[in-house]
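Novice: Sharing a model prediction with you, sequence too.
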Amino acid sequence: MKLYTTAVAPNPRRVTIFLAEKGIDIPTVELDLGKSENLAPDFVAKNPMGRVPVLEMDDGSYLAESIAICRYFEEIQPEPPLFGVDARDKADVEMWNRRMESEVLGMVSGCFRHTHPYWADKIPQAPEYGEICRATLLERMEWLNSELADREFIAGDRFTVADITAHTGFTLARIPKIRIGEDQKNLQRWYDGVAARPSVSG
Ligand SMILES: N[C@@H](CCC(=O)N[C@@H](CS)C(=O)NCC(=O)O)C(=O)O
């Protein structure tokens with residue numbers, strides 16, 4: 001197997017953090033998104049979306065989408081469980097991971113893509129939409145801060161893929177200058193705790 005990735009980009013980081021939590025080490029191929037290597041015909045043949053990450057299987061087939069790749073590794077190596085442990089817990093992790101995708105990573109990404117000069121010559125930008133994403137994220141941060149008052153992690157008392165999704169979102173948020181508020185102590189405590197994990201800091 002081989003992972004096509006970009007070390008600093010949030011979606012590939014979701015997979016590399018996930019793999020590090022599992023103790024799985026596979027070869028990687030680094031793509032430079034700044035040079036649009038993801039849009040080169042040989043890469044688009046692997047993933048028609050032209051996006052990283054992509055997992056190349058031993059049979060020569062390809063699997064894209066961060067969470068699909070994480071799911072695959074969860075199935076072939078269940079320990080430690082990062083998608084939940086029983087029917088209810090798995091459903092809770094699914095719910096929280098989806099929320100973190102749409103309400104955190106999605107909003108950060110929308111703000112970054114539609115307001116930052118990096119994207120100006122790459123995509124059609126709608127700055128007003130980017131600012132709506134920023135405002136939505138700020139509301140979601142208030143909500144998450146209150147959710148985290150009585151539990152350690154996003155989906156409960158165990159570290160899961162939902163923490164990985166949310167954390168990569170908040171890390172990316174620093175680029176469009178969205179910071180956890182000084183009064184958002186629970187969110188900051190959670191962020192710092194995840195940042196200190198070897199899978200994230202290493
Ligand atoms: N839903 C996809 C999103 C993948 C994605 O957006 N990857 C970004 C890097 S974080 C990318 O390849 N961007 C390049 C581009 O948009 O040109 C996933 O979860 O893997």
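Specialist: Nice, thanks for sending it over. Residues are numbered from 1 along each chain as shown.

Novice: what helix or strand does the spatially most central residue of the chain sit in?
Specialist: Centroid check for the chain by CA atoms, centre = their mean gives T165 as the closest residue, at 3.7 Å. Counting by DSSP states H and E, the element that carries T165 is helix 161-172.

Novice: For I123, grab the count of nearby residues.
Specialist: Residues near I123, counting by other CB atoms under 10 Å, number 9. Where C-beta positions appear, they are placed from N, C-alpha and C, glycine not excepted.

Novice: Need the pLDDT of it.
Specialist: Note on I123: pLDDT of 94.

Novice: For the closest residue in space to it that isn't next to it in sequence, list the residues it contacts.
Specialist: Nearest non-adjacent residue to I123, counting by CB to CB, 6 or more residues apart in numbering: R113, 6.2 Å away. R113 makes contact with W119, I123, Q125, G130 under the criterion CB atoms under 8 Å, 6 or more residues apart in numbering.

Novice: Test my guess that I67 contacts V161.
Specialist: Yes: using CB atoms under 8 Å, I67 and V161 qualify as a contacting pair, with a distance of 7.2 Å.

Novice: Give me the common contacts of the two.
Specialist: Counting by CB under 8 Å, 6+ apart, the common neighbours of I67 and V161 are R14, N97.
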